[in-house]
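S.K.: Below are the sequence and a predicted model; questions follow.
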Amino acid sequence: MASKIIGLGMYAPPKELTNSDLEKMVDTNDAWITERTGIRTRHIAEPGSPNSDLCVEAARKALDDAGVDPAEIDIVVVGTLTPDMPFPSTACFLQAKIGATRAYGMDLSAACSGFVYSLSVADALIRAGRGKKALVVGSEILSTVVDYTDRSTCILFGDGAGAVVLSECPEGEGVLSCHLHSDGDLWKLIYCPGGGTLHPYSPEMLEQRLGFIRMAGNETFKHAVLRMVEASREALDRNGVTIDDVKLFIPHQANLRIIQVVGKRLGIPDERVFVDLEKYGNTSAASIPIALAEAKAQGRFAAGDLVLVVAFGGGLTWASALMRM
Ligand code: UT7
């Protein structure tokens, strides 16, 4: 057996942080942010709200879309780098909040590739007979780890959640293949140093601002382009199809210029490349499931169409998945 997506949902907190809001916080301007990133606004969760609350909103919509009761879910996987707590997992909080009483749950840490990694794990578990239905969520409250005094990063990131319901299906439908990669030698390109065992919370850690994302933007940009092109081609080659067979290409929403270069190198016309980062910014693990839910709502793919997703993020990690919807 294989697995296929039978429901999609997304949630973005109502509060927005626009480019003009950021102009008042750091030395930046709307023209620079729009030209260099394509981002116009992002959504920000209320301080103190747990990530699992965002997961619940997206998950309920995906379950409704699928017509599936939470008690039918066997597996809950949450891709995130901003969990409610170090433990228990955000997946366990989500399980309790929605009443997925018979499921087992876990979080998965693969930064911006977190959703595609989670999808791959849930798909593999279903294929291995460890459950028939899975709830797979990518959800982040990145505003808790963004340094709003650093103009090179604070303009990029937003909060949000996206969820899919995966269900057992015959081989040849649904998730056709997933391709996961990482290169830990390049961890310093994008990371958050504090809050773990290396730099536990302490007055010094807070003073040195170690609890915030650090990124070498230019270097990360180059790797993002190379790796997302590579992983996309890998998925196409594995399935004996070409980019012309793909109805919709959904790359990680990090920077419009990255998306455009990747699309061009793959030879896919702009109208078949999905972009929504002007509204949400980079939501890390939530970026792809939010885009999937938005694309479905906009009628950008139909049953039977091929959709290719590809992600890239800290680790470094990168991953692709080709799906027949
Ligand atoms: O999701 C994980 C993966 N993440 C990514 O893929 C992000 C990849 N990187 C990027 O998206 C881009 O590198 C950034 C958007 C972060 C930066 O854009 P860039 O075109 O690479 O700019 P840059 O870092 O080369 O900086 C160009 C100039 C610099 O000024 P000087 O040295 O030329 O005078 C920066 O100081 O722009 C300046 N700058 C800004 N100016 C206004 C940097 N940030 C800002 C800002 N507003 N927010």
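M.R.: Okay, I see it. Numbering: from 1, shown residues only.
S.K.: Around the ligand, pick out the residues from the stretch 51-200 of the chain.
M.R.: Proximity of the stretch 51-200 of the chain to the ligand, by Cβ under 6 Å from any ligand atom, involves residues Cys112, Arg151, Ser152, Ile155, Ile190. (C-beta placed from N, C-alpha, C; glycine too.)
S.K.: so the fourth one touches Asn29, yeah?
M.R.: By that I understand Ile155. No - using Cβ atoms under 8 Å, Ile155 is not in contact with Asn29; the gap is 10.0 Å.
S.K.: Could you check how far Arg209 is from Met323?
M.R.: Between Arg209 and Met323 the distance is 40 Å, computed by Cβ to Cβ, to the nearest Å.
S.K.: if we can go back for a sec, mind listing the shared neighbours of Ile155 and Asn29?
M.R.: Asn19 (Cβ atoms under 8 Å, 6 or more residues apart in numbering).
S.K.: what about those two, which has more around it?
M.R.: Ile155 (24 against 13; other Cβ atoms under 10 Å).
S.K.: mind listing the strands for the stretch 1-150 of the chain?
M.R.: Along the stretch 1-150 of the chain, counting by DSSP state E, counting those that start in this stretch, strands occupy 2-11, 16-18, 41-43, 75-79, 104-108, 133-140.
S.K.: So which of those is the most surrounded?
M.R.: Per residue and on average, the most neighbours among the strands of the stretch 1-150 of the chain fall to strand 133-140, with a mean of 31 (mean count of other Cβ atoms under 10 Å).
S.K.: how much distance is there from that strand to the middle of the chain?
M.R.: Centroid separation for strand 133-140 versus its chain: 10 Å, with Cα atoms, centre = their mean, to the nearest Å.
S.K.: Can you give me the neighbour number for the residue in the chain positioned nearest to the ligand?
M.R.: Nearest residue of the chain to the ligand, counting by Cβ to the nearest ligand atom: Gly217, 2.9 Å away. Counted with other Cβ under 10 Å, residues neighbouring Gly217 total 14.
S.K.: hang on, it packs against Ser152?
M.R.: Yes - Gly217 is within contact range of Ser152, at 5.8 Å (criterion: Cβ under 8 Å).
S.K.: what residues are up against Asp69?
M.R.: Contacts of Asp69 (Cβ under 8 Å, 6+ apart): Leu63.
S.K.: Which one of the residues of the stretch 51-200 of the chain next to the ligand sits in the busiest neighbourhood?
M.R.: Most neighbours among those, by other Cβ under 10 Å: Cys112, with 31 neighbours.
S.K.: That one is in contact with Asn282, isn't it?
M.R.: Yes - using Cβ under 8 Å, Cys112 is in contact with Asn282, at 7.2 Å.
S.K.: anything in contact with each of those two?
M.R.: Common contacts of Cys112 and Asn282 (Cβ under 8 Å, 6+ apart): His252, Ala254.
S.K.: can you list the residues of the stretch 201-325 of the chain near the ligand?
M.R.: Gly217, Asn218, Thr220, Phe221, Ala224, Ala254, Asn255, Ile258, Asn282, Phe312, Gly313.
S.K.: What residues sit buried inside stretch 273-281?
M.R.: Buried positions in stretch 273-281, judged by neighbour count with 16 or more other Cβ atoms under 10 Å: Val273, Phe274, Val275, Asp276, Leu277, Lys279, Tyr280, Gly281.
S.K.: and Lys247, which of the three is it?
M.R.: What DSSP: H, G, I helix; E, B strand; the rest coil gives for Lys247 is strand.
S.K.: so what's it up against?
M.R.: Arg272, Arg300, Phe301, Ala302, Asp305, Leu306, Val307.
S.K.: neighbours around the fifth one, how many?
M.R.: Think Asp305. Residues lying near Asp305 (other Cβ under 10 Å) number 14.
S.K.: ok, now the first one?
M.R.: Using other Cβ under 10 Å, the number of residues around Arg272 comes to 16.
S.K.: Quick one, grab the pLDDT at it.
M.R.: pLDDT for Arg272: 98.
S.K.: give the contact list for it.
M.R.: Here Arg272 is in contact with Val246, Lys247, Leu248, Phe249 (Cβ under 8 Å, 6+ apart).
S.K.: Look up the closest residue to Ala216, ignoring the ones flanking it.
M.R.: In this structure, Ala216 finds its nearest non-sequential neighbour in Leu189, 5.0 Å apart by Cβ to Cβ, 6 or more residues apart in numbering.
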